[in-house]
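next one to model:
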Amino acid sequence: MGHRSNFIKVVALATFVLQLGAPYASAQQALSLDAYLGQVEAQNDSFKRADRAVRSAELRSDEWKLLTSPYFFGSAQSTIDKKETSSPAIMGSETQSTAFGVGIGQKTNLGLDAKLSYNLVDTEIKGVNPSFLPNPKFSASGPVLELTQSIWKNGFGSETRANQEAQAANIQAARYNEIYNQTQLRTQA
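Numbering: from 1, shown residues only. Just a heads-up that it's a prediction; the model follows:
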């Protein structure tokens with residue numbers, strides 16, 4: 001009978017302690033693992049940085065397409081040539097030239113680089129005999145279409161496609177690296 005009365009006393013004491021602790025237990029709810037990880041993700045600067053890096057890589061996922069997207073270009077050039085000529089009366093003693101151009105271009109997946117531009121060139125030849133060249137100052141302007149296809153280095157666009165694939169792979173690798181960093185931070189938490 002002694003063991004039974006001790007058992008009853010222990011159960012009564014445990015019930016009493018649980019009843020006393022019930023208000024405190026209800027005030028402090030147990031924190032689940034998901035809730036704890038949510039707090040870590042919301043408050044940990046390293047995790048926030050990794051999350052922003054993952055989102056950044058996702059936004060950059062189409063960046064490789066820029067290698068073959070159209071682009072706008074412009075150029076300006078000014079030249080003064082004062083080299084001696086074999087016949088200054090015919091060729092002049094100095095040539096001044098100014099050139100401007102604007103256009104659009106695009107590289108294709110086949111490696112073809114196409115440019116369409118409009119160019120303006122002003123030229124003046126000084127020291128020329130007017131009987132040989134009655135108008136020593138002249139201009140030329142017009143559209144220019146330039147098509148460039150590398151046969152050896154980028155034949156059929158192999159280099160262009162390889163660069164696109166490498167850039168896409170680098171962006172994905174950065175994304176997966178940051179996802180791994182997030183997983184490591186969760187594991188540490």
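
shaky segments in the protein?
Across the chain, the ranges flagged by pLDDT under 70 are 1-7, 9-29.

contacting residues for the spatially most central residue of it?
When Cα atoms, centre = their mean is applied to the chain, the residue found nearest the centroid is residue 63 (5.6 Å). Applying Cβ atoms under 8 Å, 6 or more residues apart in numbering to residue 63 gives the contacts 167, 171. All C-beta spots, glycine's among them, are computed from the backbone N, C-alpha and C.

all helices for this structure, in order.
In the chain, the helices defined using DSSP state H lie at 2-27, 33-43, 45-59, 88-91, 158-188.

can you add distance to residue 102 and give these back as a markdown table?
Output for the helices of the chain, formatted as a markdown table (distance: least, Cβ to Cβ, whole Å):
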| stretch | distance to residue 102 |
| --- | --- |
| helix 2-27 | 73 |
| helix 33-43 | 50 |
| helix 45-59 | 31 |
| helix 88-91 | 31 |
| helix 158-188 | 25 |
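
among those helices, which comes closest to residue 73?
Nearest of these to residue 73, taken as Cβ to Cβ: helix 158-188 at 18.1 Å.

quick check: angle from the closest one to helix 33-43?
120 degrees (axes from the mean of the first three to the mean of the last three Cα atoms, to 10 degrees).

JSON lines please, covering the helices of the chain and showing mean neighbour count.
Conversion of those to JSON lines gives the following (neighbours: other Cβ atoms under 10 Å):
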{"stretch": "helix 2-27", "mean neighbour count": "9"}
{"stretch": "helix 33-43", "mean neighbour count": "11"}
{"stretch": "helix 45-59", "mean neighbour count": "15"}
{"stretch": "helix 88-91", "mean neighbour count": "14"}
{"stretch": "helix 158-188", "mean neighbour count": "14"}
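
residue 111: which of those helices is closest?
helix 158-188 (5.3 Å).

just checking, what packs against the closest one?
Applying 3 or more Cβ pairs under 8 Å, 6 or more residues apart in numbering; DSSP states H and E, one finds that helix 158-188 makes contact with helix 33-43, helix 45-59.
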